[in-house]
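>>> generate coordinates for the sequence data below:
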Amino acid sequence: MMPAKTAARVRHARIELPDPEYQRLKRSAGRFRLGVAAYIRLSVLERVERDERGSGLRAESEAR
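Down below sits the predicted model:
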């Protein structure tokens, strides 16, 4: 019998936006045929990677 796989831990983050900014975000996500949550996730991770490159920091997973 195979051991059960350990599920990856998922952490939640929340942002609050005024409606005009949310509508702007929704339009941008739609241009790429993404949901709002997927677009936010993609955007945030791209920014984190850019910030890490600019500061010389590496992600914890890359440092191992």
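>>> list the buried ones in stretch 29-43?
Neighbour counts over stretch 29-43 (16 or more other Cβ atoms under 10 Å) mark 29, 39-40 as buried. Any C-beta I mention is one placed from the backbone N, CA and C, and that applies to glycine too.
>>> should've said stretch 45-54
For stretch 45-54, the neighbour count (16+ other Cβ under 10 Å) marks no residue as buried.
>>> how far does that stretch sit from its chain's centre?
On the basis of Cα atoms, centre = their mean, to the nearest Å, stretch 45-54 sits 12 Å off its chain's mean C-alpha point.
>>> quick check, central residue of the chain?
Nearest to the mean C-alpha position of the chain, by Cα atoms, centre = their mean, lies Arg41 at 2.2 Å.
>>> so how far is Pro3 from that residue?
When distance is defined by Cβ to Cβ, to the nearest Å, Arg41 is 30 Å away from Pro3.
>>> and for Tyr22?
43 Å.
>>> pLDDT below threshold where in this structure?
1, 59-64 (pLDDT under 70).
>>> state which helix of it is the longest.
Assignment by DSSP state H gives helix 36-55 as the longest helix of the chain.
>>> tell me the SS of Ile15?
coil (DSSP: H, G, I helix; E, B strand; the rest coil).
>>> no no, Met2
coil.
>>> go through the host helix or strand of Leu25 and flag the buried ones.
Element membership for Leu25 (DSSP states H and E) is helix 19-31. Within helix 19-31, the residues scored as buried using 16+ other Cβ under 10 Å are 25, 29.
>>> begin at 272, not 1, for the rest of this chat.
OK, 272 is where the count begins now, so the last one is helix 290-302.
>>> now for it, which elements pack on it?
Packed against helix 290-302, as judged by 3 or more Cβ pairs under 8 Å, 6 or more residues apart in numbering; DSSP states H and E, are the following elements: helix 307-326.
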